[in-house]
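Student: My questions are about this predicted structure, shown below with the sequence.
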Amino acid sequence: AQPIYLADYQPPAFLIEQVELTFRLAPKTTRVVSQIRFAPNPAAAPGQDLRLDGEGLTLIAASIDGAHVTATPDATGLSMAAATLPDGPFTWEAEVEIAPEGNTALEGLYMSNGMYCTQCEAEGFRKITFYPDRPDVMAPFRVRIESDLPVLLSNGNPAGRGPGWAEWDDPHPKPSYLFALVAGELTARTVRFTTMEGRDVTLNIWVRPGDEDKTAYALDALKRSMLWDEQVYGRAYDLDIFNIVAVDDFNMGAMENKGLNIFNSRYVLASGVTATDSDFAAIERIIAHEYFHNWTGNRITCRDWFQLSLKEGLTVFRDQQFMGDMRSHAVKRIEDVLTLRARQFREDAGPLAHPVRPESYVEINNFYTATVYEKGAELIRMLRLLVGDAQYRGALDLYFARHDGQACTIEDWIAVFEDAAGRDLSQFKRWYEQAGTPKVTLLEDWQDGKLTLTLRQHTAPTPGQPLKEPLLIPVALGLIAPDGTELLPTQILELDSPEQVFRFSDLPTKPVVSALRGFSAPVQLAHAQSSAERAILLGHDTDPFARFEAGRNLARDILHAMIRDGARPGPEYLEAMRLALTDHALDPAFRALVLRLPGEDELAQSLHAAGHTPDPDAIHTARRLALRRMADALAPDLARVVEDMDTPGPFSPDARDAGRRALRLAAAGVLAHADGGAKARAIFAQADNMTEQFGAWSALLAVGAGAEEGAQFHRQWQGDRLVMDKWFAAQVMHAAPERAAKIAAALTDHAAFDWKNPNRFRAVIGSLGAHPAGFHRKDGAGYRLVADWLIRLDGANPQAAARVSTVFETWRRYDHERQALIRAELTRMQDRPECSRDMGEMVGRMLG
Ligand code: B3K
Ligand code: ZN
């Protein structure tokens, strides 16, 4: 397959004034009739052919302005020669046949549990009908659905309903990727919302009968999102109805189709007994994210798919702000940085590294990545820091005023910031173009009451980008006295050269430098500090992220020493953890985060960055040993925290109770390494909510116990698909390294292992890939099992398979033997004539 380049962008030859679609639904033979009013694009070269995308469509008939035409589709669509087209606007009409029932790729129109649904982003609409399937062609849609199913939904406002049919009208011009249709036996929970503009909106969440009692949280999150976008961004909803549908078989989290969001059911359905606190938080975030897309994505969309971060980075940033406002900014920031490092830094350090705005792709679905999403959000966070909060809001107002109804580029986005802040941001723009995580080195020099800080930046080469230019990096920095008083509140140092010096004088005492407060830039900071300095920051910094980071650095240094020279965690570290654990002035959620050791993959990543070849077994062993030492040293404190952090009264998923449960489970989890899981077992036995039931069982599995609890969990929840995903995942995730592949293999033989369901596939195969010591077993059993299943899934659902293939992206970190084993598996995955474009691109890039 040929790559597509940003540099080759051409405006569409034709624009569309109106789209009318009729669907006659049938599982094997759905008919789609399209009537599309085209007009030549004044901004394009005149006299071009009409090219329509189309894949897997059986063309029944076509006409132009009512006159029958013969069109011969090829593998990717059809063309009508310019000479055969009328001079001005014309109406193209076509009838095609498709088979939603056999569509296992879950893209286009497909079926899930007897219901019809669609997924069109990025290029799925071409599997529904012939169309210029690109985001810069925006049009109003009118849709008629014919089916005997009771619920028939599409985008926009309802426009008529009769026996066996329904019509929908979407007045807002939209690109085809936002088209959606749902038909099925569904039932809704409904509330009403009045917008700040006085529009009365019906909000529906549609689920399968029986799931109604699991919709309250999502519905409430939706209302809060709508209100928040009005209050914080001045943006109101623009239709009379907003529908959300929960679907069991779905490739991603959810989809922001105009007025008809379609969700993976795991991000809608929740009750206290079936969903964990993390599930509730994920639901709140994703509901908000998809809703926020209505303005950042739908009203203003992307000119082409290279601009994907224009909508995704911005919408992630907005959902992060929202979650901070709903819960805790400090805790949310720490969690976001942990995710960024675990996923985006990992991506940036390997063969799949690419800029936030890529320059080429083979399959765009492979670029819905942590770089486009999470790093994209970090760039917006930095922009806000650089221009200030008021100018940020001004820039966003300008963005909405200037570009509403348009398909835009990163250049348009940068320009509103330049105009609102009166500042040249051309150097900042490199962040969008340059891949890789910059390394910032901070050197301190203290003399005669003067502190001199030297900051250096360097970005290592990434695939296709051997040379890097210096970036504009905002480094938030403060100074703390050894007794904890703040000597200098946060300042933003702008690092824009390879090396810069900053001086601070008139200091009463040698300060402790608190650098990169709030994680002000997505960089890797190298800043040599003593354990004593880190302990001061952990205990006293005014910036909660910097406090957390100080504890994390302490833990990481100790784990590195344990892994490399068999050292033991010293008393300073254990004392620092005891203080954090028992400090009642701190938010329990924050304490839970401090208590959590860096994960095995994070350690492999940091060892690799420090020039070592990570040994997954040694990392696993050292981490367990550190947990054991913590458990022995802190046992009474841990036990007290478990008792103190109960949450009496009825279950509430709010941040306060969730934080208490997180700390309680974190403490019981560490303690299990000393008490054999006694406390965890007690929590399991008494649990009246899934967070504690599942958390306690996981803690037991992690110390090699929990067999009985697992059987009980299975008996209790075998009828609940979403809870059963947890049952599958936990057994793999917490397996002893030498058993993980065997357990995963056995689970693939389980009657309930429905591998075509993406959630279930990820629960088993994805979890093995996320268990470093189990996946990277020396004999290659983990690699083999994952590759076998990816090959099988690739035949049914290439997009899902390609996504899971990223479990191999870190392969060059490891020793030669492991590299050879992985290379053989990647080659086996690639050397098949039937290997999909999705998988072929991923494996090709990984092999490099
Ligand atoms: N925009 C969708 C993702 C579509 C992925 C296509 N492979 C969900 C989101 O980011 O909100
Ligand atoms: Zn999104």
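Tutor: Sure, I can see it. Ligands and ions are numbered 1, 2, ... in the order given.

Student: Verify the contact between residue 459 and residue 440 for me.
Tutor: No: using C-beta atoms under 8 Å, residue 459 is not in contact with residue 440; the gap is 9.9 Å. The C-beta positions use only the backbone N, C-alpha and C, and glycine is treated the same way.

Student: Quick check, residue 283 in contact with residue 265.
Tutor: No: applying C-beta under 8 Å as the test, residue 283 and residue 265 come out as separate, 10.5 Å apart.

Student: who's more crowded, those two?
Tutor: Between residue 283 and residue 265, residue 283 has the larger neighbour count (other C-beta atoms under 10 Å), namely 24 against 21.

Student: what about the more buried one, which SS state?
Tutor: Classification of residue 283 by DSSP: H, G, I helix; E, B strand; the rest coil places it in helix.

Student: Show me the shaky parts of the stretch 451-600 of the chain.
Tutor: Applying pLDDT under 70 to the stretch 451-600 of the chain flags no residue at all.

Student: can you map out the strands along it?
Tutor: Ranges of strands within the stretch 451-600 of the chain are 473-480, 486-495, 499-504, 512-515, 524-527, based on DSSP state E, counting those that start in this stretch.

Student: Make JSON lines out of these and add distance to residue 595 and mean neighbour count.
Tutor: Listed next are these as JSON lines, based on distance: least, C-beta to C-beta, whole Å; neighbours: other C-beta atoms under 10 Å:
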{"stretch": "strand 473-480", "distance to residue 595": "23", "mean neighbour count": "22"}
{"stretch": "strand 486-495", "distance to residue 595": "26", "mean neighbour count": "15"}
{"stretch": "strand 499-504", "distance to residue 595": "34", "mean neighbour count": "14"}
{"stretch": "strand 512-515", "distance to residue 595": "21", "mean neighbour count": "24"}
{"stretch": "strand 524-527", "distance to residue 595": "23", "mean neighbour count": "17"}
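
Student: Quick check, the residue in the stretch 501-650 of the chain closest to ligand 2?
Tutor: Nearest to ligand 2, among the residues of the stretch 501-650 of the chain, is residue 522, at 18.6 Å (C-beta to the ion).

Student: which SSE is the closest residue in space to that residue that isn't next to it in sequence in?
Tutor: Spatial nearest neighbour of residue 522, excluding adjacent residues (C-beta to C-beta, 6 or more residues apart in numbering): residue 378 at 4.2 Å. Take DSSP states H and E as the rule and residue 378 turns out to sit in helix 376-387.

Student: Averaged pLDDT, stretch 713-728. What do you get?
Tutor: Across stretch 713-728, the average pLDDT comes to 98.

Student: What of stretch 838-848?
Tutor: Stretch 838-848 shows a mean pLDDT of 98.

Student: CA atoms only for that stretch - export them in PDB, please.
Tutor: C-alpha atoms of stretch 838-848 as PDB (Å, rounded to 0.1, in the frame of the first residue of the first chain):
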ATOM      1  CA  ASP A 838      -3.300  -1.800   9.000                       C
ATOM      2  CA  MET A 839      -1.100  -4.600  10.400                       C
ATOM      3  CA  GLY A 840       1.300  -4.400   7.500                       C
ATOM      4  CA  GLU A 841       2.100  -0.800   8.200                       C
ATOM      5  CA  MET A 842       2.500  -1.300  12.000                       C
ATOM      6  CA  VAL A 843       4.800  -4.300  11.700                       C
ATOM      7  CA  GLY A 844       6.700  -2.700   8.800                       C
ATOM      8  CA  ARG A 845       7.400   0.400  11.000                       C
ATOM      9  CA  MET A 846       8.300  -1.700  14.000                       C
ATOM     10  CA  LEU A 847      10.800  -3.800  12.000                       C
ATOM     11  CA  GLY A 848      12.100  -0.400  10.700                       C
END
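
Student: so how far is that stretch from its chain's centroid?
Tutor: Taking C-alpha atoms, centre = their mean, to the nearest Å, one finds stretch 838-848 lying 21 Å from the centre of the chain it belongs to.

Student: Tell me which residues are up against it.
Tutor: Here stretch 838-848 makes contact (C-beta atoms under 8 Å, 6 or more residues apart in numbering) with 1, 350-352, 361-363, 365-366, 463, 790, 794, 798-799, 801-802, 805-806, 808-809, 811, 823, 826-827, 829-830, 835.

Student: Just the buried residues of the residues you listed.
Tutor: Buried members of the contacts of stretch 838-848, counted by 16 or more other C-beta atoms under 10 Å: 350-352, 361-363, 365-366, 790, 794, 798-799, 801-802, 805-806, 808-809, 811, 823, 826, 829, 835.

Student: Now cross-check those residues against ligand 1 and list the overlap.
Tutor: Among the buried ones among the contacts of stretch 838-848, the residues that sit close to ligand 1 (C-beta under 6 Å from any ligand atom) are residue 365.
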